[in-house]
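*Asks:* Sharing a model that was predicted from the sequence below.
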Amino acid sequence: QVQLVEFGGGLVQAGDSLRLSCVASARTLENYAMGWFRQAPGTEREFVAGITWTGGSTTYADTVEGRFAISRDKTKNTLYLQMDSLRPEDTAAYYCASRSYNRASPFPEEYESWGRGTQVSVSS
C-alpha cells in the first residue's frame, strides 16, 4: 500500500507560482501512475495532471495545460506539481493519488491511494 503526503499549499495572488510536493512511502513505484486532482467546495474532484512513474509520460487537463507541470524525482519518491500563472479559479484542495497501473487516468475512482490534500487559495 502506498502512503502519500502532500506539501506546499498556501495563499497566493493571481499570476503567482506555487510548487506542490507529494512524498510517497512505498516499496516500489515502478509501473505505477501518479496523479494530481483538485476539489473546490461544492464541486466534484477533478483531474489536474498525471504521470507514469517509470517512463515519465505526462497528461494534463485542458484547464491547466501550459500553466502547470507535473514531474517526479525517483530518488526521493516525490511527485511535484509546478503551478504558474495561477488564477482564482485554481483555488481548491489539491490531492495526489497513485494507481498500480502504468497509465495515468483522469478518473479518481481508478486510483487506489490518496493523500489528505493541501489547500491552494488564489486571490484576485
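*Replies:* Alright, I've got the coordinates.
*Asks:* What are the phi and psi values at the spatially most central residue of the chain?
*Replies:* Against the mean C-alpha coordinate of the chain, by CA atoms, centre = their mean, the closest residue is Trp36 at 2.2 Å. Dihedral pair for Trp36: phi -110, psi 130, per degrees, to the nearest 10.
*Asks:* for it, what are its contacts?
*Replies:* 20, 22, 47-50, 70, 79, 81, 94-97 (CB atoms under 8 Å, 6 or more residues apart in numbering). Bear in mind the C-beta positions are built from the backbone N, C-alpha and C, glycine included.
*Asks:* Make TSV out of these and add distance to Val120, neighbour count and pLDDT.
*Replies:* Compiled in TSV, these are given as follows (distance: CB to CB, whole Å; neighbours: other CB atoms under 10 Å; pLDDT from 0 to 100):
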residue	distance to Val120	neighbour count	pLDDT
Leu20	7	23	98
Cys22	13	25	98
Phe47	16	21	98
Val48	11	24	98
Ala49	14	25	98
Gly50	18	23	98
Ile70	15	23	98
Leu79	15	27	98
Leu81	10	26	98
Tyr94	6	23	98
Tyr95	11	23	98
Cys96	13	30	98
Ala97	16	25	98
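*Asks:* Among those residues, find me the one that's closest to Val64.
*Replies:* Val48 (5.7 Å; CB to CB).
*Asks:* does the nearest residue to Thr59 once chain neighbours are set aside have beta-bridge partners, and which?
*Replies:* The shortest distance from Thr59 to any non-neighbouring residue, by CB to CB, 6 or more residues apart in numbering, is to Gly50 (4.9 Å). Judged by DSSP bridges, the bridge partners of Gly50 are Gly35, Thr59.
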